[in-house]
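*Asks:* Got a predicted model here, sequence first, then my questions.
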Amino acid sequence: MNNPFTPGSQIYRVYEKLMDMQWHCTKCDLEAAQAATFRNMKLRGVQFDTDEKGNEYKEIHCSTCKVIRVHRKLK
């Protein structure tokens, strides 16, 4: 899997972390990436895994920040 984004950019770093195909906290693990970051990724063809309700994120307990937060994962 190749990273299609510009090296050194925030979106590149976010994609690099997501490439492990694990759920990542959008607050503490993905540099507090904004919704626009994920929207731009989708415009480039990136697909995100969904929760049980079909949302492209999952609200789960974060082991780092110790609260329930939005997590994202590549599909």
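*Replies:* That came through fine. Residues are numbered from 1 along each chain as shown.

*Asks:* Now do the helices in this structure.
*Replies:* With helices called from DSSP state H, the chain shows them at 10-18, 35-43.

*Asks:* The first one - contacts with which helices or strands?
*Replies:* Using 3 or more C-beta pairs under 8 Å, 6 or more residues apart in numbering; DSSP states H and E as the contact test, the elements touching helix 10-18 are helix 35-43. C-beta: built from backbone N, CA, C; applies to glycine.

*Asks:* any idea where the strands of the protein begin and end?
*Replies:* Ranges of strands in the chain, per DSSP state E, are 24-25, 58-61, 68-72.

*Asks:* Make a markdown table out of the ones you listed and add mean pLDDT.
*Replies:* Below are those laid out as a markdown table (pLDDT from 0 to 100):
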| stretch | mean pLDDT |
| --- | --- |
| strand 24-25 | 95 |
| strand 58-61 | 96 |
| strand 68-72 | 95 |
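
*Asks:* looking at these, which is buried most?
*Replies:* strand 24-25 (a mean of 20; mean count of other C-beta atoms under 10 Å).

*Asks:* Next one: the residue of the chain positioned farthest from its centre from Lys27, what distance?
*Replies:* No residue in the chain sits farther from the centre than Lys66, which is 18.1 Å out by C-alpha atoms, centre = their mean. For Lys66, the distance to Lys27 equals 11 Å [C-beta to C-beta, to the nearest Å].
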